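*Asks:* with the input below, show me the fold.
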Amino acid sequence: MSTATQHLPVPRGRVRADLVYLGWQQVCPEPDPGPAPAPPESAELDQVSPDWLAAQRREQTRLARPAWLAAAACLTAAMLAGACWLAGVLNTGLAVLVSSAALLGAAACGREIYRGERALAAQVRAEQQRVSRIRAAQRSQLVARRQQHASQYREWQQRSSAFRRRPQWYPATLPASVHRVDVAGGTLPGWSALLTTIAVPRLAAGGSVTVLDLTEGGVAADLLAVAGRLGTDPLVWVLPADLPKLELGTGLGHEVLADVLALTVNAAAATATGTIDRGADNDGDPSSDAALLGRVLAALGPSATLAEIAAALRALGQIGGPGRHFSELTREQLDRLNALAGRGAERLAIDRAWAMEARLRMLAPLATAPASSSSSLKVAWLDRRAAAVGNAVLAAYLAIALTAVVRDSPAGQPWQQTICLLGAERLPGSVLDRLSDATDAAAAGLVLCYRSIPAHVRDRLGRGNAAVAFMRLGNAEDARLAAEQIGTEHRFVLSQLTDTIGTSVTGTASDSYTSNVGTADSVADTVSASYSRGRSRQYTPFFTGMRDANSSTACSDSRSITAGISAGTSWGLSTSKALGRSDSLARTAQRSRELLIEPHELQRLPPSAVVLCYPSPGRRVLLADANPAIMALPTATLAAAPDIATSQATSGRPSGL
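*Replies:* Reported below is the predicted structural model:
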């Protein structure tokens, strides 16, 4: 069923008794701060280009080449002069003069080369100083960018933390002045979520909740689990097995009880004959049945039970022999019953007694072993394993008897008493009208859930001061009628959280049988052989007379045989039933999909999504999520939604869910 029933921590805020909680709406008035700012790129600092240094070196070498050649020529001339002097070609004075001139020329060329090298070194130092200043400026800029990024990152962290802490899920509430909510469409898991969302706040506010589940699906199971965790001890009746413990309608007066039983017979007959969707005018006239039952109750006495009423109808209709009648009723009661119908109306009384006994016999065990305890949560549901005709009678009796009890109770605070009727489309329209009128007079809250929208439901959907909630509608005609009533101009945005949880609200059951037989045989035969032989010699110079030689031979042989046989048999039978559950505590700021209210969109709504139509003052339409697990989110609050949600809902602009 619902994913919400395992953990329900109290959200921020307090439950208000003057509001009816129908679901949750996501409101994001401020944009998401988005991803964290990107850090600055670590750019490489400038440095002296090796290519520039190589180019300067090549240029200096090219400029100094004449000086190097001239210096080489001068040194060569000096050496030649010295050689000539040694050979006696030149005298000493001339040799000294030529050598001196050549050396002076070489010195001048060396000086020129030295000046060029110093100029190149000064130029390189100047370039290095310039690059150092640029590197310092780049470092300061990088430090400034990093400081700016750190400041931006801190601001982003603050905005992101505030965004995560800020409430985004607000309750979709209904004023307590609206006494009825009509729910059209939906699945059993979706109804379970909606029922839990509505009932838990009412119980927390000190109210009482009565649930009549006519779907035969056990929709209130999740609500019972949550109520147990809240400290509430609910009263649960699974019918018809728990009919002896049920006291509903047993304290009514004879006239009211006769009216309740006559209406029950009439409603069950309408359900059996298929005239339930023809409106209240064709439901039949139960006045004659009520009159006959009133006379039967008067004949039985003030303490008549349902079992005695069924026995009296059998005696009046001559069902069974006299011996059985005397065993069920006293002689005085039988005498008074025989005097009920006159001679002309005897056949009519017998026919009506047959018809009423065929349906009311199902109620014979009612209140034969009543439970003495009381609770603020009462749940009665129909067992799907019971007979269909019997469940139809029980469904009609539960609704009609509860109507009589509500009419007999004094008016209280609005929604102090909450009645949830699931599967209301199975009841005739007149029964629904009487129940609605009774709850309005008693100021009790009424939730009517319809799986489909037949004709008698279509005419009553949203009638009066009632809110209408549309859930997933599988039928195309029902979806078209719902779209027309909502208005196709409304556009909404469905949250990814709703889609994710909605698709996981499932129940699965599986049976499996496994039988495995395995056999393994293995034989291994390994043969290995190795042979090695080595020889080495070492010689020393022949004149020492020494020689060393050695040799070695090795041989090995191994053989291994391994054989094994293994066999195994395993079998098993397993039956498992799993309840799909998905809790998401993550913030979902991204939008899942945007929808326009159209029939095909209503047919593919998530199970927990609800389109709410609020009554006056001012018609409002909004999209909500009925899954109570949302209250476990850290961004959920019970405070009122901001005005932006109201303006978006009333104008039909996109509203986040």
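*Asks:* what about the closest residue to His325 other than its chain neighbours, neighbour count?
*Replies:* Distances taken as C-beta to C-beta, 6 or more residues apart in numbering put Ala315 closest to His325, at 4.4 Å, once the chain neighbours are dropped. For every residue, glycine as well, the C-beta is placed using N, CA and C. With neighbours defined by other C-beta atoms under 10 Å, the count for Ala315 comes to 24.
*Asks:* who are the packing partners of the longest helix seen in the chain?
*Replies:* Scanning the chain for the helix with the most residues, using DSSP state H, yields helix 92-165. Helix 92-165 is packed against helix 50-87, with contacts defined by 3 or more C-beta pairs under 8 Å, 6 or more residues apart in numbering; DSSP states H and E.
*Asks:* okay, now Ser100: neighbour count?
*Replies:* Using other C-beta under 10 Å, Ser100 is surrounded by 12 other residues.
*Asks:* ok, it to Thr92 distance?
*Replies:* With distances taken as C-beta to C-beta, to the nearest Å, Ser100 is found 12 Å from Thr92.
*Asks:* starting at the chain centroid, how far to the longest helix of the chain?
*Replies:* 64 Å (C-alpha atoms, centre = their mean, to the nearest Å).
*Asks:* next, the angle helix 50-87 makes with it.
*Replies:* 170 degrees (axes from the mean of the first three to the mean of the last three C-alpha atoms, to 10 degrees).
*Asks:* which SSE is immediately downstream of helix 92-165?
*Replies:* Counting by DSSP states H and E, the element after helix 92-165 in chain order, helix or strand, is strand 169-175.
*Asks:* what strands flank the helix or strand just after that next one, and is each parallel or antiparallel?
*Replies:* Tracing the chain past strand 169-175, the next element assigned as helix or strand by DSSP H and E is strand 180-184. The strands beside strand 180-184 in its sheet (DSSP bridges) come out as strand 445-450 (parallel), strand 466-470 (parallel).
*Asks:* buried deepest among those, which one?
*Replies:* Highest mean neighbour count of the strands paired with strand 180-184: strand 445-450, a mean of 25 (counted as mean count of other C-beta atoms under 10 Å).
*Asks:* let's see that one as CSV, backbone CA atoms only.
*Replies:* Extracted as CSV, the C-alpha positions of strand 445-450 are listed here (Å, rounded to 0.1, in the frame of the first residue of the first chain):
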residue,chain,number,x,y,z
GLY,A,445,-16.9,15.8,8.2
LEU,A,446,-17.6,13.4,5.3
VAL,A,447,-15.2,12.0,2.8
LEU,A,448,-16.8,10.1,-0.1
CYS,A,449,-14.5,8.1,-2.3
TYR,A,450,-15.7,6.9,-5.7
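*Asks:* list the buried ones in the helix or strand following that strand?
*Replies:* Later in the chain than strand 445-450, the nearest helix or strand by DSSP H and E is helix 455-458. Judged by neighbour count using 16 or more other C-beta atoms under 10 Å, the buried positions of helix 455-458 are His456, Val457, Arg458.
*Asks:* how close does the second one sit to Ala387?
*Replies:* Think Val457. For Val457, the distance to Ala387 - C-beta to C-beta - is 25 Å.
*Asks:* likewise for the first one?
*Replies:* Between His456 and Ala387 the distance is 24 Å, computed by C-beta to C-beta.
*Asks:* burial measure for Val200, as a count.
*Replies:* Using other C-beta under 10 Å, Val200 has 25 neighbouring residues.
*Asks:* and it, that's in a helix?
*Replies:* Yes - Val200: assigned to a helix according to DSSP: H, G, I helix; E, B strand; the rest coil.
*Asks:* tell me how many other residues crowd the residue nearest to it when sequence neighbours are not counted.
*Replies:* Nearest non-adjacent residue to Val200, counting by C-beta to C-beta, 6+ apart: Val226, 5.8 Å away. When neighbours are counted by other C-beta under 10 Å, Val226 registers 20.
*Asks:* name the helix or strand for Val226, please.
*Replies:* helix 221-229.
*Asks:* next one: that helix to chain centre, how far?
*Replies:* Centroid separation between helix 221-229 and its chain, computed with C-alpha atoms, centre = their mean, is 19 Å.
*Asks:* after that helix, which helix or strand is next? Please name it.
*Replies:* Next element after helix 221-229 (DSSP H and E): strand 235-239.
*Asks:* what angle sits between that next one and helix 221-229?
*Replies:* Using the same axes, to 10 degrees: strand 235-239 against helix 221-229 is 150 degrees.
*Asks:* show me what strand 235-239 is packed against.
*Replies:* Strand 235-239 packs on strand 377-382, helix 388-408, going by 3+ C-beta pairs under 8 Å, 6+ apart.
*Asks:* try 7 Å this time
*Replies:* strand 377-382 (3 or more C-beta pairs under 7 Å, 6 or more residues apart in numbering; DSSP states H and E).
*Asks:* which of the residues in the strand it packs on are buried?
*Replies:* Buried residues in strand 377-382 (16+ other C-beta under 10 Å): Leu377, Lys378, Val379, Ala380, Trp381, Leu382.
*Asks:* any chance of the residues you listed in TSV, plus pLDDT and distance to Ala162?
*Replies:* Shown next, in TSV, are the buried residues of strand 377-382 (pLDDT from 0 to 100; distance: C-beta to C-beta, whole Å):
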residue	pLDDT	distance to Ala162
Leu377	94	39
Lys378	94	45
Val379	95	43
Ala380	95	48
Trp381	93	46
Leu382	94	50
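*Asks:* please determine how far Pro201 is located from Ala176.
*Replies:* Separation of Pro201 from Ala176 (C-beta to C-beta): 12 Å.
*Asks:* any weak-confidence spans in this structure?
*Replies:* 1-13, 28-31, 165-167, 274-285, 323, 341-345, 372, 488-596, 616-618, 642-657 (pLDDT under 70).
*Asks:* so it: which segments form each domain?
*Replies:* Here the domain parsing of the chain from automatic domain parsing is 1-30+166-245+372-507+583-657, 50-163, 251-365.
*Asks:* could you dump these into TSV with distance to Pro39 added?
*Replies:* Shown next, in TSV, are these (distance: least, C-beta to C-beta, whole Å):
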stretch	distance to Pro39
domain 1-30+166-245+372-507+583-657	23
domain 50-163	5
domain 251-365	68
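*Asks:* of all those, which lies closest to Pro37?
*Replies:* Closest of the domains of the chain to Pro37 is domain 50-163, at 4.6 Å (criterion: C-beta to C-beta).
*Asks:* who's more crowded, Pro201 and Ala176?
*Replies:* Pro201 (24 against 17).
*Asks:* so the residue nearest to Val200 versus Pro234, what's the distance?
*Replies:* Using C-beta to C-beta, Val226 is found at 10 Å from Pro234.
*Asks:* next, count neighbours for Leu86.
*Replies:* 10.
*Asks:* let me redo that: Tyr21
*Replies:* Residues lying near Tyr21 (other C-beta under 10 Å) number 24.
*Asks:* do the one 3 residues further on as well
*Replies:* Neighbourhood size, Trp24 [other C-beta under 10 Å]: 31.
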